[in-house]
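J.: show me how the following folds:
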Amino acid sequence: MSAPRKHRYDLIVIGAGPAGERAASLAASLDKNVALVEKSELGGAAVNTGTLPSKTLRETALYLSGLGQRGLYGVDYTFDREVHVGDLIHRQREVVRSHQTLSGQNIARHSIELFHGTATLEDSHNVRVSHAHGRTVTLDGDYVLIATGSRPFRPPGIIFDGVAVHDSDSILRLKQIPTSIVIVGAGIIGCEYATLFSALGISVALIDNDDKFLPMLDEEIAALLMDRMRALGISLVFERRADSVRRAGGGQQITVLFKEGDELLADVALFCVGRNSNIEALGLDEIGILLGERGCIAINEYYQTTVENIYAAGDVVGSPALASTSMEQSQSAVQHMFGGQHKTTANPSIPTGLYTIPEVAMIGATEQALRKKGQSYAVGRAPYKRNSRAQIVGDTSGMLKLLFDPESRVLLGVHIIGEQASELIHMGQACMYYQGTIDFFAENVFNFPTLSDLYKYAAYDGLSKLR
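T.: Got it, this is the predicted structure:
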């Protein structure tokens, strides 16, 4: 039998998630011959098991629970019928299917050659693609970009049965709605799922081994989020490390046991304790690519690995592991490969959004970071309860907070908790990008009534304190 024919490309991209698709599309638009390898579904974790499915579930939970309308007109909306799994996942499946179709159309539009199978690097230029039915093909490329993403980390000693014990992927395949759930890991994913399930009337205990809650957030915003989560009925427990899970007396429930000696009983346990890079089949050790903790690929500022013509981007390189940053990283990598005229490094100042209930978003410095640096700053706040649009939509517990230099008035950070926080943050991002001052917000006219008007009143508040 003759050897498999080699296919020659300018760029081989491994992984068709946000990072991989963006890289392949950009390279193709630069008239490069591009191959894209994907062993599973188009869209990666962002489309299939992570970002879009979980955020769609959040919106579905808000709709089915009526939580978004509680507080309006003095009416307390509650369930008037039992919620079934089918109610939750119908919209999720539609959104996932739609984005998979869009990804396929984008790949075809850019004339990118798509290969389905598992990729293995034979050397720095040759990638072997093994198909499920046994056929293999070898791709030869000037450059290779690894964008294989990540998967949930599963602590040793915990048996994940996909029925009562889940990670953040398998929880999307729940067979029935539980009455109680223990979530281990109070990071962003754990908090998002905690508020989602609580909105559906499920009893939620959120556990973390740290003594601080979401330390990347501004402390004041984190405290407000904790208050709102407790108001939803979520039990927050810190400095507890899950040790094992066992069936409770042969019944349907499970018991989560902690190293500190206590335990919790629930229908379901969900572990959200970080992620592992998907690198096992790639053969990176054999060609000299340096790896870090949990399989993260070591890169330089241009997203090059320790092998010069091989780049990596997205979750596979570790933090911040966001779909938004993954696309920027891969785009920068392609620009560096082919000498593009645009940026070759991603903007270090990026917004962070938490799709909790309520939403949280931030960009720039926190108060605690500025204090640690010894940098002087001033604060302007605008509570949602004084904003007309917030009153209309029924959110009166949120806040928009500006941090700025008291001398130059340059904006240093924006922190928001409340309705549309993940959308509102981009106005602050634009101001910070151009090194703007809070005078921009005070001096400009905003539509009324809008949540954007919160920026103006936060600026007024900050400037009044200077006077």
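J.: surely residue 399 touches residue 379?
T.: No. In this structure residue 399 lies outside contact range of residue 379 using CB atoms under 8 Å: 11.1 Å. Placement of C-beta: from N, CA and C, glycine included.
J.: what residue spans form the domains of the protein?
T.: Domain ranges of the chain: 6-152+276-338, 165-273, 358-466, per automatic domain parsing.
J.: in TSV: those, plus distance to residue 351 and mean neighbour count.
T.: Shown next, in TSV, are the domains of the chain (distance: least, CB to CB, whole Å; neighbours: other CB atoms under 10 Å):
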stretch	distance to residue 351	mean neighbour count
domain 6-152+276-338	8	19
domain 165-273	12	18
domain 358-466	4	19
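J.: can you list the ones you listed in TSV and add mean pLDDT?
T.: Output for the domains of the chain, formatted as TSV (pLDDT from 0 to 100):
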stretch	mean pLDDT
domain 6-152+276-338	86
domain 165-273	92
domain 358-466	96
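J.: and those domains: which comes nearest residue 159?
T.: domain 165-273 (6.3 Å; CB to CB).
J.: by residue count, tell me the biggest strand in the chain.
T.: strand 136-146 (DSSP state E).
J.: in its sheet, what does it sit against?
T.: strand 6-14 (parallel), strand 126-130 (antiparallel), strand 310-312 (parallel) (DSSP bridges).
J.: I'd like those strands written out as CSV, with distance to residue 439 added.
T.: Listed next are the strands paired with strand 136-146 as CSV, based on distance: least, CB to CB, whole Å:
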stretch, distance to residue 439
strand 6-14, 45
strand 126-130, 53
strand 310-312, 41
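J.: which of these sits closest to residue 113?
T.: strand 6-14 (7.4 Å).
J.: relative to the whole chain's centre, how far out is the closest one?
T.: In this view, strand 6-14 has its centroid 29 Å away from the chain centroid, taken as CA atoms, centre = their mean, to the nearest Å.
J.: which elements pack onto the strand or helix carrying residue 422?
T.: Using DSSP states H and E, residue 422 falls within helix 421-433. Under the contact criterion of 3 or more CB pairs under 8 Å, 6 or more residues apart in numbering; DSSP states H and E, helix 421-433 touches strand 352-354, strand 360-364, strand 411-417, helix 453-466.
J.: let's go with 7 Å and repeat that
T.: Identification of packing neighbours for helix 421-433 by 3 or more CB pairs under 7 Å, 6 or more residues apart in numbering; DSSP states H and E yields strand 360-364, strand 411-417.
J.: start to end distance for stretch 146-159?
T.: With CA to CA, to the nearest Å applied, stretch 146-159 spans 30 Å between its terminal residues.
J.: now it: how far from the chain's centre is it?
T.: 15 Å.
J.: what of stretch 194-203?
T.: 20 Å.
J.: using CSV, write out every CA atom in it.
T.: As requested, the backbone C-alpha atoms of stretch 194-203 are provided in CSV (Å, rounded to 0.1, in the frame of the first residue of the first chain):
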residue,chain,number,x,y,z
ALA,A,194,-24.8,28.5,41.6
THR,A,195,-26.9,31.5,40.7
LEU,A,196,-28.4,29.8,37.6
PHE,A,197,-29.6,26.8,39.7
SER,A,198,-30.7,29.0,42.6
ALA,A,199,-32.9,31.0,40.2
LEU,A,200,-34.7,27.7,39.4
GLY,A,201,-35.5,27.2,43.0
ILE,A,202,-32.9,24.6,43.6
SER,A,203,-31.1,24.5,47.0
